[in-house]
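Enquirer: sequence and predicted structure, then a few things I'm wondering about:
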Amino acid sequence: MTRTQIFARLDAYERLIRLDKPIGTLLLLWPTLWAIWIASEGRPSLHIVLVFSIGTLLMRSAGCAINDFADRNFDGHVERTRRRPIPSGEIQPWEAVAVAAALSLVAFGLVLTLPPLSISLSLVALFLAASYPFTKRFFWFPQAYLGVAFGFGIPMAFGAILGSLPPVCWWLLLANILWAMAYDTEYAMVDREDDLRIGIRTSAISLGRFDVAGVMFFYVAMLVLLAWVGAMAGLGAAFDAGLAGAAAMMGYHWFLIRGRSRDRCFKAFMHNNWVGAAIFAGIVLSYPVQVPW
C-alpha cells in the first residue's frame, strides 16, 4: 500500500469509531463523572477517573463500530449516514466487528484493575453496547435502551468506589435514561423521514406530533430526578445552580426544535454536551474544592 492509501485507511477507521465526532463520548462521560464524584463525595482517585475516562472513549468507539455493522444495510439509504466507511465501501463489515472486539478487549483490560463488582457489571455493559443497535428493529423506544447503555458507567462507578449499589445510583441511572430519551429523540428527529422509509423505529416516530412535547417531558422528569438525587447525596446550592443552568439550556432546545428543522434539531442534540457539563460543575462545586489526588 502507498502512503496515501495507508492514510486513507486510517481515516476510514477513525470515522468508523467517530474520533472526529466526540459528542457521543462526552454524552457517555458526563453521567459517569457525575457518579464518580457523588460516590466518592468529591474525592475520586486518579486511577478511577482515568480508567473510566479512557474506558468510556474505548467503549463508545467500539459501540460505533458495532452500530455501523448492524446498520450496514440501512446507512446507505440515509442522507446523514450514507458516506460512512461501510456503506461507502471503504472498509468491509468484518473489519468493523474486528475493531469493536479489539477496543472492547482493551477496555476490559482496564476494568480488570477495578473491584470484582465493577468487573461483573462490565459484562452487562458490553452486552448493552453490542445489542443496542439491533433494538431499532423491533423496539418503539430504542432511546430508552440507549439510556441504559450510555448510563451503565453509573453503577460501575458506584461499584468501583463503594463496592455496593445504593438507591442513589439507580435514581441517577434513571435520570440519565430520561436525558438520553430527550437528546436522542432530538437526534432521531433529524432522520425521521429516512427512518420511516427504511423501517427503523425511533422515539421521534413513535411520539409523532407529540415529539417536541415528549422531549420537554423527558427533560423535566430528568431534572426532577436529579433534584431528588441531589437531596439524597446532600448536594448544595451549587448543584441547584447547575440544574438551573441546565434547565435554561433545555428551554433553548425547545426554541430550536419546535419547528422540527433538521439542522436546528441536530444543533439541540449537540448542545446537550453543555447540559451535562453544567450538571457536573454543580456536583463538583457542591464539595470542598480540592485536587482529589
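Expert: Nice, I can see it. Residues are numbered from 1 along each chain as shown.

Enquirer: what about the stretch 1-150 of the chain, any weak spots by pLDDT?
Expert: 1 (pLDDT under 70).

Enquirer: report the buried residues of stretch 200-212.
Expert: Residues 200, 201, 202, 203, 204, 205, 206, 207, 211, 212 are the ones in stretch 200-212 that count as buried (16 or more other C-beta atoms under 10 Å). Heads up, the C-betas are built off the backbone N, CA and C, glycines and all.

Enquirer: pull out the buried positions in the helix or strand harbouring residue 12.
Expert: Element membership of residue 12, judged by DSSP states H and E, is helix 3-16. Neighbour-count burial for helix 3-16 flags 12, 13, 15, 16 (criterion: 16+ other C-beta under 10 Å).

Enquirer: what's near enough to touch the second one?
Expert: The one in question is residue 13. Contacts for residue 13 (C-beta atoms under 8 Å, 6 or more residues apart in numbering) come out as 85, 91, 99.

Enquirer: report the separation between it and residue 288.
Expert: 43 Å (C-beta to C-beta, to the nearest Å).

Enquirer: likewise the last one?
Expert: With the distance defined as C-beta to C-beta, residue 16 ends up 43 Å from residue 288.

Enquirer: same check on residue 164?
Expert: 24 Å.

Enquirer: same deal with residue 252?
Expert: The value you get for residue 252 to residue 288, if C-beta to C-beta is used, is 32 Å.

Enquirer: mind checking which of those two has more residues around it?
Expert: Shown here are residue 252 and residue 288; by other C-beta atoms under 10 Å, residue 252 has more neighbours (15 against 8).

Enquirer: name the helix or strand for the closest residue to the more buried one other than its chain neighbours, please.
Expert: The spatially closest residue to residue 252, leaving aside those adjacent along the chain, is residue 271, at 7.2 Å (C-beta to C-beta, 6 or more residues apart in numbering). Following DSSP H and E, one finds residue 271 within helix 262-285.

Enquirer: other SSEs contacting that helix?
Expert: With contacts defined as 3 or more C-beta pairs under 8 Å, 6 or more residues apart in numbering; DSSP states H and E, helix 262-285 has these neighbours: helix 23-39, helix 167-190, helix 237-257.

Enquirer: now distance to residue 219 too, for the ones you listed, in CSV please.
Expert: Below are the helices and strands packed on helix 262-285 laid out as CSV (distance: least, C-beta to C-beta, whole Å):
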stretch, distance to residue 219
helix 23-39, 14
helix 167-190, 5
helix 237-257, 4
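
Enquirer: closest one to residue 126 among these?
Expert: helix 23-39 (13.9 Å; C-beta to C-beta).

Enquirer: what comes up buried for that closest one?
Expert: 23-39.

Enquirer: and stretch 153-164, by the same measure?
Expert: Buried, per 16+ other C-beta under 10 Å, within stretch 153-164: 153, 154, 155, 156, 157, 158, 159, 160, 161.

Enquirer: skipping adjacent residues, who's closest to the last one in space?
Expert: Which is residue 161. Closest residue in space to residue 161, ignoring its immediate chain neighbours: residue 39 at 4.1 Å, by C-beta to C-beta, 6+ apart.

Enquirer: ok, the one you found touching residue 157?
Expert: Yes: counting by C-beta atoms under 8 Å, residue 39 touches residue 157, with 5.7 Å between them.

Enquirer: thinking again about what came up before, taking the buried residues of stretch 200-212 one by one, which sit in strands?
Expert: Counting by DSSP state E, no part of the buried residues of stretch 200-212 is found in strands.

Enquirer: got a markdown table for those, with distance to residue 182 and pLDDT too?
Expert: Converted to a markdown table, those look like this (distance: C-beta to C-beta, whole Å; pLDDT from 0 to 100):
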| residue | distance to residue 182 | pLDDT |
| --- | --- | --- |
| 200 | 19 | 80 |
| 201 | 18 | 84 |
| 202 | 13 | 86 |
| 203 | 9 | 87 |
| 204 | 11 | 86 |
| 205 | 16 | 88 |
| 206 | 14 | 89 |
| 207 | 11 | 90 |
| 211 | 11 | 94 |
| 212 | 11 | 96 |
